[in-house]
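# Provided below are the primary sequence and the corresponding predicted coordinates.
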Amino acid sequence: MTQSIGFIGGGNIAEAIIGGLKKADAQFLIRASNRSNHERLQHLVDKYSITASNLEELVENSRVLIIAVKPKDVLGVVKQLKNYRLHDKLIISVAAGVPLKVFYKHLPGIAVIRAMPNTSTAVLHSMTGLARGENVTEEQAEMGGEIFSATGKIMWVPEEKINALTAISGSGPAYFYLFAESLIKAGVHLGLSEEEAEILVLETLIGAGKMIAESDKSPGKLREEVTSPNGTTYAALNVFTDDKLEFTVLKAAKACAQRAEDLEGENSD
Ligand SMILES: NC(=O)C1=CN([C@@H]2O[C@H](COP(=O)(O)OP(=O)(O)OC[C@H]3O[C@@H](n4cnc5c(N)ncnc54)[C@H](O)[C@@H]3O)[C@@H](O)[C@H]2O)C=CC1
Ligand SMILES: O=C(O)[C@@H]1CCC=N1
C-alpha cells in the first residue's frame with residue numbers, strides 16, 4: 001500500500017530519510033514543508049520529486065507526519081499542529097532530546113513515536129531506534145517500523161534508552177567520519193598525496209564495514225586477524241591503547257548522552 005508521509009522540516013536528516021525512501025522498494029507519497037528556506041525545499045522537490053506543501057495541506061494529505069526540526073523548534077511545530085485534526089495520524093519525531101511527554105501534554109491522545117535514525121538512511125543502512133508512545137496502535141507501530149525498515153534496520157527500545165542509543169547510532173556516523181578524516185591527515189603527514197590518502201582511507205573503511213557485515217566474525221576477531229605479533233598493526237594499536245582510546249570513546253559517548261538529557265531538560269515544557 002502507498003504510504004503518505006509529510007516531513008515538517010526539510011534539513012539534513014529529512015533529506016537522508018527522503019533519499020532513502022525514494023531508493024527503497026516500497027511506495028511512499030512524500031510531502032515536505034520547511035519554515036523559511038524555500039531554496040532548500042525546492043532542492044528536495046527537484047532532486048527527489050516530492051511535493052512542497054504548506055502545513056495545512058501537508059497534514060490533510062499525510063497519514064504519517066515526521067517532525068524533523070531542531071529540538072528547540074519542536075514545541076513551535078507541536079503548537080501549530082494543535083490547530084489540526086490529528087486523530088487518525090501517526091506523528092514521528094526524530095528530534096534528539098524532546099521527550100514523549102511534551103507530545104502527551106500538548107497533543108493529548110495523539111499517536112507519537114520517538115525515532116532516532118542516522119544519516120545512513122540515505123544509503124538504506126540506517127540503524128534507527130524507535131520508542132513507542134502510549135497512544136500508538138499496533139497498526140501504527142507497524143507502519144512506523146515499516147518506514148524505517150525500508151531505510152535500514154530498526155530497534156524498538158523503551159524511551160529511557162533513546163539517549164544511550166543516540167550516543168551510539170544516532171551520532172555514531174560522525175565518529176567514524178572523524179576517524180576517517182584523521183587517518184587521511186595522517187596519510188598526508190606520512191608523504192601520501194591528499195587524493196591518495198583519501199582513496200586508501202575510504203576504501204579501507206568500506207572494506208572493514210563489509211567484513212563486519214559479511215564475515216560472521218566479531219570486530220575483535222577481525223582486529224586480531226590483522227594484527228601479527230609484534231608486527232606493524234600491533235605497533236599502531238599499542239599507541240591507541242596507551243593513549244586510552246577506549247576511555248576517550250566512552251567519554252565521548254557519555255557526553256553525547258548527557259547532551260541529549262540536557263536537551264530533554266531544555267525542551268520539556
Ligand atoms: N542530522 C542528523 O544526523 C540527525 C538529526 N536528528 C534530529 O533531526 C532534527 C533535525 O536535524 P537536522 O536535519 O540535522 O537539522 P537541519 O537544521 O538540517 O534541518 C532542520 C530544518 O527544519 C526547518 N524548520 C525549522 N522550524 C520549522 C518549522 N516550524 N516548520 C518547518 N520547518 C522548520 C529549518 O528551516 C531546517 O531546514 C533535529 O532535532 C535532530 O536532533 C536525528 C537523527 C540524526
Ligand atoms: O547532533 C545532533 O544533535 C543530531 C542528533 C543525532 C545526530 N545528530
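Nice, I can see it. Ligands and ions are numbered 1, 2, ... in the order given.

# as a check, name the ranges of all strands in the stretch 101-250 of the chain.
Using DSSP state E, counting those that start in this stretch, the strands of the stretch 101-250 of the chain run over residues 111-116, 126-132, 152-156.

# identify the residues contacting the shortest one?
Around strand 152-156, the neighbours that count as contacts under C-beta atoms under 8 Å, 6 or more residues apart in numbering are 20, 117, 120-121, 124-132, 145, 148, 165. For the C-beta atoms, the positions are set from N, CA and C on the backbone; glycine is no exception.

# rerun that using 10 Å as the cut-off
Strand 152-156 is contacted from outside by 20, 24, 113, 115-118, 120-132, 141, 144-148, 161, 165, 169, using C-beta atoms under 10 Å, 6 or more residues apart in numbering.

# when you check ligand 1, which of the residues you listed turn up near it?
Restricting the contacts of strand 152-156 to those touching ligand 1 (C-beta under 6 Å from any ligand atom) yields M116, P117, N118.

# which one of those has the most neighbours?
M116 (29 neighbours; other C-beta atoms under 10 Å).

# stretch 172-179: which residues count as buried?
For stretch 172-179, the neighbour count (16 or more other C-beta atoms under 10 Å) marks G172, P173 as buried.

# contacts for it, please.
Stretch 172-179 is contacted from outside by 16, 118-120, 125-127, 165-168, 201, 205, 208-209, 249, 252-253, 256, using C-beta under 10 Å, 6+ apart.

# mind redoing it with 8 Å?
Among residues not part of stretch 172-179, those counted as contacts by C-beta under 8 Å, 6+ apart are N118, T119, S120, M127, L205, V249, A252.

# give me the contact status of it with ligand 2.
No - using C-beta under 6 Å from any ligand atom, stretch 172-179 stays clear of ligand 2, with a minimum separation of 7.1 Å.

# chain center to that stretch: distance?
13 Å (C-alpha atoms, centre = their mean, to the nearest Å).

# list the contacts of the closest residue to L29 other than its chain neighbours.
Nearest non-adjacent residue to L29, counting by C-beta to C-beta, 6 or more residues apart in numbering: S4, 4.5 Å away. S4 is in contact with F28, L29, R31, N61, S62, R63, V64, counting by C-beta under 8 Å, 6+ apart.

# next: I30.
I30 neighbours (C-beta under 8 Å, 6+ apart): I5, G6, F7, I18, L21, K22, Y48, I50, T51.

# need the contact list for the nearest residue to the last one once chain neighbours are set aside.
In other words, T51. Leaving aside its sequence neighbours, T51 sits nearest to R31 (C-beta to C-beta, 6+ apart; 4.7 Å). R31 makes contact with S4, I5, G6, F7, I50, T51, A52, S53, E57, L58, N61, S62, according to C-beta under 8 Å, 6+ apart.

# still on that earlier bit, among the contacts of strand 152-156, name the buried ones.
Buried among the contacts of strand 152-156 by 16+ other C-beta under 10 Å: 20, 24, 113, 115-118, 120-122, 124-132, 141, 144-148, 165, 169.

# low-confidence ranges, the chain, go.
Applying pLDDT under 70 to the chain picks out no residues at all.

# give the contact list for the most centrally placed residue in it.
By C-alpha atoms, centre = their mean, the chain has its centre lying nearest to N118, at 1.8 Å. N118 makes contact with A16, S126, M127, T128, S169, G170, S171, G172, P173 under the criterion C-beta under 8 Å, 6+ apart.

# ditto for E261
By C-beta under 8 Å, 6+ apart, E261 lies in contact with G97, N163.

# that one: helix or strand, and which one exactly?
Using DSSP states H and E, E261 sits within helix 245-266.

# for that helix, buried residues please.
A253, C256, A257, R259, A260, L263, E264.

# so the first one sits against L165, correct?
If I follow you right, that is A253. No - the pair A253 / L165 is not scored as a contact, 10.7 Å apart, by C-beta atoms under 8 Å.
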